[in-house]
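Peer 1: Provided below for reference: sequence and predicted model.
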2 protein chains.
Amino acid sequence: MKKFLNDPASFVGESVHAFGLAHSDIVEVNSEPLFVKRSDSPVSGRVAVISGGGSGHEPLHAGFVGAGMLDAAVPGPVFTSPSPDPIEAATRAVDSGAGVLHIVKNYTGDVLNFETAAELADDVEITTVVVQDDVAVQDSLYTAGRRGVAGTILVEKIAGASAARGDDLATVTALAQRASDNVRSMGLALDSPVSPTTGEHSFDLGDDEVEIGIGIHGEPGRRRIALATSDELTDQLVDPILEDIKLSSGDKVVLLVNGMGATPDSELYLIYGQARKRLEAAGAEVARSLVGSYVTSLDMAGASVTVLKLDDELLALFDAPVRTAAWTQA
Amino acid sequence: MKKFLNDPASFVGESVHAFGLAHSDIVEVNSEPLFVKRSDSPVSGRVAVISGGGSGHEPLHAGFVGAGMLDAAVPGPVFTSPSPDPIEAATRAVDSGAGVLHIVKNYTGDVLNFETAAELADDVEITTVVVQDDVAVQDSLYTAGRRGVAGTILVEKIAGASAARGDDLATVTALAQRASDNVRSMGLALDSPVSPTTGEHSFDLGDDEVEIGIGIHGEPGRRRIALATSDELTDQLVDPILEDIKLSSGDKVVLLVNGMGATPDSELYLIYGQARKRLEAAGAEVARSLVGSYVTSLDMAGASVTVLKLDDELLALFDAPVRTAAWTQA
């Protein structure tokens, strides 16, 4: 294993603290327990939005803490849910009295630990939206039901924009749920990631094999196929999304092409080109686009396609200003 | 080789055209010859800033076309300079009559082809700044003198901000040159990139080897060493920069930690933490920070450290608004 690494045991803490130094204009880091908080939270009367989960998916989630998006992010160990303690502490740290929305990717550990944290902080008004955008498989290695993957950042964006304009907790929650209900993703791996804590590949893939429907922890997908052209691989991601989301002619969508870590932008744009063509052929209008490595799986080579079906309100919230380490728009 | 790839011969064109579709709010793509232009350029009276070079370094340069930065970017084939024709065409397309600054990374082919383009467009007022920020080696595989690497985006940012506030060509050029004179970089590779056009690794590195002083095309660096801790590797990058740039106590700097393609953000932040510690120990103040994959070498695993010594004017220009695909600040 060749990585930038000092000590596997301190990897996450070192990285998160350095993140805090690099972005001290936006965030502050709490050490014990570990969470990243927007410097100016809580704001009196404003609903707070929190997410979190295992590390190794950077910039998710800490990269999305800031004005117009998350109030706090709780990073667990690599590929491992954060325990209830830091989630509870982060919840309390950002609550202004207006309540806190927990956005949780659908993994058994995450769901359980956010639930426990909400019980521990039962004097805070807490709601939860569980994101399960991955159409690849029904149940999986760490999940009952569908997994939460790259679509999570779109739910976080919508919820953060709703909170920023002063919506109450019920409204922020309903809009996050609406975004979650309208987002679908599917990914594939060309190569397996290596964990800095174990030094091991998550799984083995043959020199000419592709795992279609991969999870962001290297969980098995639908099938393995032989390497094909970028357009053919993209179709394997778009087809199941189109089957599931049932777009009507004229529907506006956000198209997010997400790199899994080691895939260059130049390749992501190839995927974007074909995915866009397919969505347009299905009658949809690609109203907004994001192309980049937003929800990664360490240094996995691969990519995912995410489609969010928009209505006017979701589009306005998507377009609202945001200022975080990983996503800024005026 | 496992990549998202349709046809090696059309890889760059496909990718650049899809980039244009994804960012049609900012740029437009000219097909024959190939260049990316800011949609609203030229603007009467405003100096235009252009850069370009071989592809494979994305988001450099097209990702930095937009308000406050580049007016156009000219992508060549992978790791190969663009020919004079597209450079000339891009120059003419963005010139408002106020003149055009060419920002050129110091590679023999780039320097020659930008020079020829400037001769072909001799009715346009053109100035040139050659960026040579890489302290690793004096001459190299494709370079006489020092190579131009990640510091280039800081020169592009300063020049674009100067042009945006209405400075004339001599002033924009002088500020770009001042940024170029004050920026130093050094990089290392943990693993070699694979080219989509040749399917080959650029070079071979042993399982426990690191190439210190690597170029962004995999050109040889200073030496190969055995894998060490992240802090030790970071010191190998910071030491030569500090020897060269001669910081005084109280100097303000921009610290850019740049990923070469396949290195996760979480690892880049480890490098950032140690590089910052070293700069502070040298008496400098890290006034601004950038951490991410800005100037890549396809899917190379590795990173570089860049330090730009600031004065008040360079800091103000660094802080000016920018809106491009890869860098946005309000």
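Peer 2: That came in fine, so what should we check first? Numbering: from 1, shown residues only, chains lettered A, B, ... in the order given.
Peer 1: use CA for all of it now, contacts and neighbours both
Peer 2: Will do.
Peer 1: Which residue is the nearest non-sequential neighbour of whatever residue of chain A ends up closest to chain B?
Peer 2: Using C-alpha to the nearest C-alpha, the closest approach of chain A to chain B is made by A:Ala262 at 3.9 Å. Excluding the flanking residues, the one nearest A:Ala262 by C-alpha to C-alpha, 6 or more residues apart in numbering or on different chains is B:Ala262, at 3.9 Å.
Peer 1: and the residue of chain A closest to chain B, how far is that from A:Leu315?
Peer 2: Plainly put, A:Ala262 is 30 Å away from A:Leu315 if you go by C-alpha to C-alpha, to the nearest Å.
Peer 1: do the same with A:Ala161
Peer 2: Counting by C-alpha to C-alpha - A:Ala161 and A:Leu315 are separated by 11 Å.
Peer 1: the more surrounded of the two?
Peer 2: A:Ala161 (28 against 18; other C-alpha atoms under 10 Å in any protein chain shown).
Peer 1: Around chain B, pick out the residues from the stretch 1-150 of chain A.
Peer 2: A:1-6, A:12, A:14-19, A:21-23, A:56, A:58-59 (C-alpha under 8 Å from any C-alpha of the partner chain).
Peer 1: buried subset of those?
Peer 2: A:2-6, A:12, A:14-19, A:21-23, A:56, A:58-59 (16 or more other C-alpha atoms under 10 Å in any protein chain shown).
Peer 1: where does the stretch 151-300 of chain A dip in pLDDT?
Peer 2: By pLDDT under 70, the stretch 151-300 of chain A contains no weakly predicted segment.
Peer 1: can you give me the helices for it?
Peer 2: Applying DSSP state H, counting those that start in this stretch to the stretch 151-300 of chain A gives helices spanning A:152-164, A:169-181, A:230-245, A:265-281.
Peer 1: Which positions in the stretch 201-330 of chain A make contact with chain B?
Peer 2: Residues of the stretch 201-330 of chain A lying near chain B by C-alpha under 8 Å from any C-alpha: A:207-208, A:227, A:229-231, A:233, A:261-273, A:288-291, A:298-299, A:328-330.
Peer 1: All the strands of the stretch 51-200 of chain A, residue numbers only.
Peer 2: A:66-67, A:72-78, A:100-105, A:126-131, A:183-191 (DSSP state E, counting those that start in this stretch).
Peer 1: Output the helices of the stretch 151-300 of chain A as a markdown table; include the columns distance to B:Pro75.
Peer 2: Listed next are those as a markdown table, based on distance: least, C-alpha to C-alpha, whole Å:
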| stretch | distance to B:Pro75 |
| --- | --- |
| helix A:152-164 | 31 |
| helix A:169-181 | 37 |
| helix A:230-245 | 21 |
| helix A:265-281 | 12 |
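Peer 1: Indicate which one of these is closest to A:Val111.
Peer 2: Among the helices of the stretch 151-300 of chain A, helix A:152-164 comes nearest to A:Val111, with 14.1 Å by C-alpha to C-alpha.
Peer 1: For the closest one, give me every contacting residue.
Peer 2: By C-alpha atoms under 8 Å, 6 or more residues apart in numbering or on different chains, the surrounding residues in contact with helix A:152-164 are A:46-49, A:51, A:60, A:64, A:67-70, A:103, A:105, A:131, A:133, A:169, A:171-173, A:175-177, A:179-180, A:294, A:308, A:314, A:317-318, A:320-322.
Peer 1: any idea how far the residue nearest the centre of chain A lies from B:Leu120?
Peer 2: For chain A, the residue whose C-alpha lies nearest the mean C-alpha position (C-alpha atoms, centre = their mean) is A:Thr152; its distance is 3.7 Å. Distance of A:Thr152 to B:Leu120, given as C-alpha to C-alpha: 50 Å.
Peer 1: for A:Met260, same thing?
Peer 2: 43 Å.
Peer 1: for A:Asp123, same thing?
Peer 2: Distance from A:Asp123 to B:Leu120, by C-alpha to C-alpha: 73 Å.
Peer 1: Which one of A:Met260 and B:Leu120 is surrounded by more residues?
Peer 2: More crowded of A:Met260 and B:Leu120, by other C-alpha under 10 Å: A:Met260, with 32 against 15.
Peer 1: My guess is the more buried one contacts A:Val305. True?
Peer 2: No: when contacts are counted by C-alpha atoms under 8 Å, A:Met260 is not listed as touching A:Val305 (10.8 Å).
Peer 1: Quick one, grab the pLDDT at the closest residue in space to A:Pro321 that isn't next to it in sequence.
Peer 2: Using C-alpha to C-alpha, 6+ apart and skipping the chain neighbours, the partner closest in space to A:Pro321 is A:Ala330 (4.8 Å). Listed pLDDT for A:Ala330 reads 92.
Peer 1: do A:Ala320 as well
Peer 2: Looking at A:Ala320, the pLDDT reads 98.
Peer 1: what's near enough to touch it?
Peer 2: By C-alpha under 8 Å, 6+ apart, the contact set of A:Ala320 is A:68, A:161, A:329-330.
Peer 1: Got a quick ChimeraX command for the buried subset of those?
Peer 2: Applied in ChimeraX, the following selects the buried portion of the contacts of A:Ala320 according to 16+ other C-alpha under 10 Å:
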select /A:68,161
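Peer 1: Name the nearest of the contacts of A:Ala320 relative to A:Ser39.
Peer 2: Nearest to A:Ser39 among the contacts of A:Ala320, with distances taken as C-alpha to C-alpha, is A:Gly68, at 13.0 Å.
Peer 1: what sits against the closest one?
Peer 2: A:157, A:160-161, A:163-164, A:320-323.
Peer 1: Just the buried residues of those residues.
Peer 2: A:157, A:160-161, A:163-164, A:320-323.
Peer 1: With respect to A:Glu219, which of the residues you listed is nearest?
Peer 2: The closest of the buried ones among the contacts of A:Gly68, once distances to A:Glu219 are taken by C-alpha to C-alpha, is A:Lys157, at 25.9 Å.
Peer 1: about what we covered before: which two of the buried ones among the contacts of A:Gly68 have the greatest separation?
Peer 2: Spatial extent of those (C-alpha to C-alpha) is set by the pair A:Ala163 and A:Arg323 at 14.2 Å.
Peer 1: returning to what we had before: now, which of the buried ones among the residues of the stretch 1-150 of chain A next to chain B lie within helices?
Peer 2: A:12, A:14-19, A:21-22 (DSSP state H).
Peer 1: Save the residues you listed as JSON lines, and put in distance to A:Leu188 and pLDDT too.
Peer 2: Formatted as JSON lines, those follow (distance: C-alpha to C-alpha, whole Å; pLDDT from 0 to 100):
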{"residue": "A:Val12", "distance to A:Leu188": "26", "pLDDT": "98"}
{"residue": "A:Glu14", "distance to A:Leu188": "30", "pLDDT": "98"}
{"residue": "A:Ser15", "distance to A:Leu188": "27", "pLDDT": "98"}
{"residue": "A:Val16", "distance to A:Leu188": "28", "pLDDT": "98"}
{"residue": "A:His17", "distance to A:Leu188": "31", "pLDDT": "98"}
{"residue": "A:Ala18", "distance to A:Leu188": "31", "pLDDT": "98"}
{"residue": "A:Phe19", "distance to A:Leu188": "28", "pLDDT": "98"}
{"residue": "A:Leu21", "distance to A:Leu188": "34", "pLDDT": "98"}
{"residue": "A:Ala22", "distance to A:Leu188": "32", "pLDDT": "98"}
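Peer 1: so which two of the residues you listed are the farthest from each other?
Peer 2: A:Val12 and A:Ala22, at 15.3 Å, using C-alpha to C-alpha across these.
Peer 1: Out of the strands of the stretch 51-200 of chain A, indicate the one that is most buried.
Peer 2: strand A:183-191 (a mean of 28; mean count of other C-alpha atoms under 10 Å in any protein chain shown).
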